[in-house]
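Engineer: Using only what follows, build the 3D model:
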Amino acid sequence: MKVSAMRMIHCKKLDREAEGLDFAPWPGELGQRIYNEISRPAWEQWLAHQTLVINENRLSPLDPETRKLLTAEMEKFLFDGGAEKPAGYVAPESR
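Structural biologist: Residues are numbered from 1 along each chain as shown. Sure thing, here's the model as predicted:
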């Protein structure tokens, strides 16, 4: 079994060198931008945030409006310095 070398990039979100993704995780131009500029650790942070947004707002990922909202949130989170926690969110350790 051939193991490929880890692809390192300068992550725009983390502002440091980190392991890149193996493939574009999103379709189209945005997916290519994520592949080129976002590291695996930053993508994992986004996935955790996305789960929080979906659960706290009781969203359906199958709904086209939800997908638009999540795409906008993803761009804010990964490229524009972050995204807010859902309104009224209280971290589990704070409850």
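Engineer: Give me the pLDDT value at residue 92.
Structural biologist: Confidence at residue 92, expressed as pLDDT, is 63.
Engineer: all helices for the chain, in order.
Structural biologist: Taking DSSP state H as the criterion, the chain contains helices spanning 28-37, 40-57, 64-79.
Engineer: starting at the chain centroid, how far to the first one?
Structural biologist: Spelled out, it's helix 28-37. Per Cα atoms, centre = their mean, to the nearest Å, the displacement of helix 28-37 from the mean C-alpha position of its chain is 12 Å.
Engineer: Got the confidence number for residue 9?
Structural biologist: The per-residue pLDDT reported for residue 9 equals 97.
Engineer: what's the neighbour count on it?
Structural biologist: A count of nearby residues for residue 9, using other Cβ atoms under 10 Å, gives 18. From N, CA and C alone the C-beta is placed, and that goes for glycine too.
Engineer: beta partners for it?
Structural biologist: On the basis of DSSP bridges, residue 9 is bridged to residue 18.
Engineer: so how far is residue 64 from it?
Structural biologist: Residue 9 sits 31 Å away from residue 64 when distances are taken as Cβ to Cβ, to the nearest Å.
Engineer: Residue 5 too?
Structural biologist: According to Cβ to Cβ, residue 5 stands 39 Å off from residue 64.
Engineer: Can you pick out the residue with more neighbours from the two?
Structural biologist: Taking other Cβ under 10 Å, residue 5 and residue 64 do not tie; residue 64 has more neighbours (8 against 5).
Engineer: can you pull the contacts of the more buried one?
Structural biologist: Counting by Cβ atoms under 8 Å, 6 or more residues apart in numbering, residue 64 touches no other residue.
Engineer: any idea how far residue 44 is from it?
Structural biologist: From residue 64 across to residue 44, the span is 26 Å (Cβ to Cβ).
Engineer: do the same with residue 65
Structural biologist: The span separating residue 65 from residue 44 equals 26 Å under the rule Cβ to Cβ.
Engineer: Point out the one among the helices of the chain that comes closest to residue 19.
Structural biologist: The closest of these to residue 19 is helix 40-57. By Cβ to Cβ, the value is 4.6 Å.
Engineer: pLDDT weak spots in this structure?
Structural biologist: Within the chain, the stretches with pLDDT under 70 are 1-4, 82, 84-95.
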